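*Asks:* When you get a sec, could you give me coordinates for this:
(2 chains)
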2 protein chains.
Amino acid sequence: MVEDGSPQLREVMAALVPYAGHAQVVGITGSPGVGKSTATNALVKELRRSGHRVGVLAVDPSSPFSGGALLGDRVRMQDHATDPGVYIRSMASRGHLGGLSWTTPQAMRVLDAAGCDVVIVETVGVGQSEVEIAGLADTTVVLMAPGLGDGIQAAKAGILEIADVYVVNKADRDGAEQVRRELRSAVALADRPEGSWKPPIVMAVAQSGRGLDELVEELDRHRGWLEQSGELTRRRTRRAREEIEAIAVAALREKWEDVSGAQQLGGDLDALAEAVVAGEKDPYAAADELVGTATG
Amino acid sequence: MVEDGSPQLREVMAALVPYAGHAQVVGITGSPGVGKSTATNALVKELRRSGHRVGVLAVDPSSPFSGGALLGDRVRMQDHATDPGVYIRSMASRGHLGGLSWTTPQAMRVLDAAGCDVVIVETVGVGQSEVEIAGLADTTVVLMAPGLGDGIQAAKAGILEIADVYVVNKADRDGAEQVRRELRSAVALADRPEGSWKPPIVMAVAQSGRGLDELVEELDRHRGWLEQSGELTRRRTRRAREEIEAIAVAALREKWEDVSGAQQLGGDLDALAEAVVAGEKDPYAAADELVGTATG
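*Replies:* The predicted structure is shown next:
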């Protein structure tokens, strides 16, 4: 129902809201090739060992085409296919107005209310939106690996500003120490207000499970800090604000369509767009006409 | 003015629209480490050699933090700093409602109307939105390089569906032939309707300029196909449609703020978000209140 945007979602969400808020939402992000799927899989295994119930959302914000992840990624997850304490779902998540929209927060709420202790949100694909994931998660894990030039890339993408926990994956390979050193100085150099969280760096080999116990410890420690500092409520309020805005915009769009007829609106918009391309109308005037039709 | 969202933009855009539509917008995308900046720089050089005027927009959709590209990238562009036939601008581009929003299309329009023959839009950073770039560009160039596991990554991201021209960069390195072979079979396997464009594969060494003449030829050939097939108008109409929608949504938001007071709106939204986090209100009811305040 969440993925289809069913009209009954409204009632479902209203029923679930009182039961949500227990799960820690962990976002996992990193450049292609760092081993995100393997790390997610290993993290699920480790969390299960300590008795946590786990939900995994593999979202693909880059592709409106494929509508989901490649089979290969999911096959690796088959380790957990028969475990009733693990729920895994691949979903395309691009909303009409771009971004992770509100499909992902709603799916998170379903898993949360259903009793998951941890909900992992993993982005799939190259065009991953690190910052959007950080906006959704309580705790953002940034994966690095040796040999990918990640030191520089991280600085480029502003990733250093969103990481709550770093994991240097493939820590048994050459260059892993170098990645750790670079991260360590980046963390040390960062301007951080008093009492704020200092992202730890976990060395791991996801393939063999090495370091995963330490990652789970750091996730727990971060959750403790989130609660004690008030940051948990701040992050979740921001998330709810964006969800409400997205729903409000969608509601307004529906109103337009009620006034002008759904087909009509699309038609008008096409005609307006064509006029802009032809140089006959500027986009502001076109938007005025669209809004005028809608609200007038 | 475009970057600041100046109120006078409206008039500026109205004045520019009749002069726009000449430039070919070329989007350049690819995984971290493929050499996007170097390739952009080499392409500018080659286009200048054939007398084209060139605009470059280096957009960073991933980072609301840094507000632009790292200095290093731009330093490489200094080759063209004194050339009046080249205009280069780094810009943050994340709109309030996410994505490249309408800052990038408007900046493209300025460069187009100012007489650029080619406007290159390059994404900076890891969290690049390949698909959004493809939505903005007339021609999308996808860069690959050996040693990055791009074959698999490309399939993952749906990149094969957005490429108009492939460039295998660092073609003098081991593995370049392998990348070409993989791409060639992917292109051969793709389901393509009669008369559609078959993406060529250009082997290049951006560092030395090798293969750049061939890239420019392929860009010309693609432009010819775009015009002759009607696809140019289709792509530009889609682009204009999204721009109009984004402006219309922003206009509606302003109306809300007029009704309820700008501060007021933010305050209400925060209170609503807090109620959702506390489990006291569902997001749909919250959105209703927000829209009600706004339109009622």
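
*Asks:* any idea how far chain B is from A:Gly135?
*Replies:* The gap separating A:Gly135 from chain B is 10 Å, by CB to the nearest CB, to the nearest Å. In short, each C-beta sits where N, CA and C put it, glycine included.

*Asks:* That residue touches A:Glu242, doesn't it?
*Replies:* Yes. A:Gly135 lies in contact with A:Glu242 (CB atoms under 8 Å); the separation is 6.9 Å.

*Asks:* Excluding residues flanking it in the chain, which one is nearest A:Ala251?
*Replies:* B:Val291 (5.3 Å; CB to CB, 6 or more residues apart in numbering or on different chains).

*Asks:* looking at it, that neighbour is touching A:Ile244, isn't it?
*Replies:* No. The criterion here is CB under 8 Å, and B:Val291 misses it with A:Ile244 at 9.8 Å.

*Asks:* Could I get the contacting residues of A:Ala251?
*Replies:* The contact partners of A:Ala251, taken as CB atoms under 8 Å, 6 or more residues apart in numbering or on different chains, are B:287-288, B:291.

*Asks:* is it true that it lies in a helix?
*Replies:* Yes. Counting by DSSP: H, G, I helix; E, B strand; the rest coil, one finds A:Ala251 located in a helix.

*Asks:* Same drill for B:Val291 and A:Ile244, tell me which one is more crowded.
*Replies:* A direct count of neighbours by other CB atoms under 10 Å in any protein chain shown for B:Val291 and A:Ile244 places A:Ile244 higher, at 28 against 20.

*Asks:* Find the helix or strand that A:Glu227 is a member of.
*Replies:* Using DSSP states H and E, A:Glu227 falls within helix A:212-229.

*Asks:* buried ones in stretch A:197-217?
*Replies:* By neighbour count on 16 or more other CB atoms under 10 Å in any protein chain shown, the buried set for stretch A:197-217 is A:197, A:199-206, A:211-212, A:214-216.

*Asks:* how long is that stretch from one end to the other?
*Replies:* One end of stretch A:197-217 to the other measures 15 Å (CA to CA, to the nearest Å).

*Asks:* just to revisit the earlier point, just the residues contacting the helix holding A:Glu227, thanks.
*Replies:* A:24, A:26, A:42-43, A:45-47, A:50, A:118, A:138-139, A:141, A:164-165, A:167, A:195-197, A:200, A:202, A:204, A:206, A:231-232, A:235.

*Asks:* contacts with chain B among those residues, please.
*Replies:* Taking CB under 8 Å from any CB of the partner chain as the test, chain B is in contact with none of the contacts of helix A:212-229.

*Asks:* Select only the buried ones of the residues you listed in PyMOL?
*Replies:* Remark: buried members of the contacts of helix A:212-229, expressed as a PyMOL selection using 16+ other CB under 10 Å:
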select buried, chain A and resi 24+26+42+43+45+46+47+118+138+139+141+164+165+167+197+200+202+204+206+231+232+235
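
*Asks:* Out of the contacts of helix A:212-229, which sit inside strands?
*Replies:* A:24, A:26, A:118, A:139, A:141, A:165, A:167, A:202 (DSSP state E).

*Asks:* mind putting these in TSV, pLDDT included?
*Replies:* As requested, the ones in strands among the contacts of helix A:212-229 are exported to TSV (pLDDT from 0 to 100):
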residue	pLDDT
A:Gln24	97
A:Val26	97
A:Val118	97
A:Thr139	96
A:Val141	93
A:Val165	96
A:Val167	95
A:Val202	97
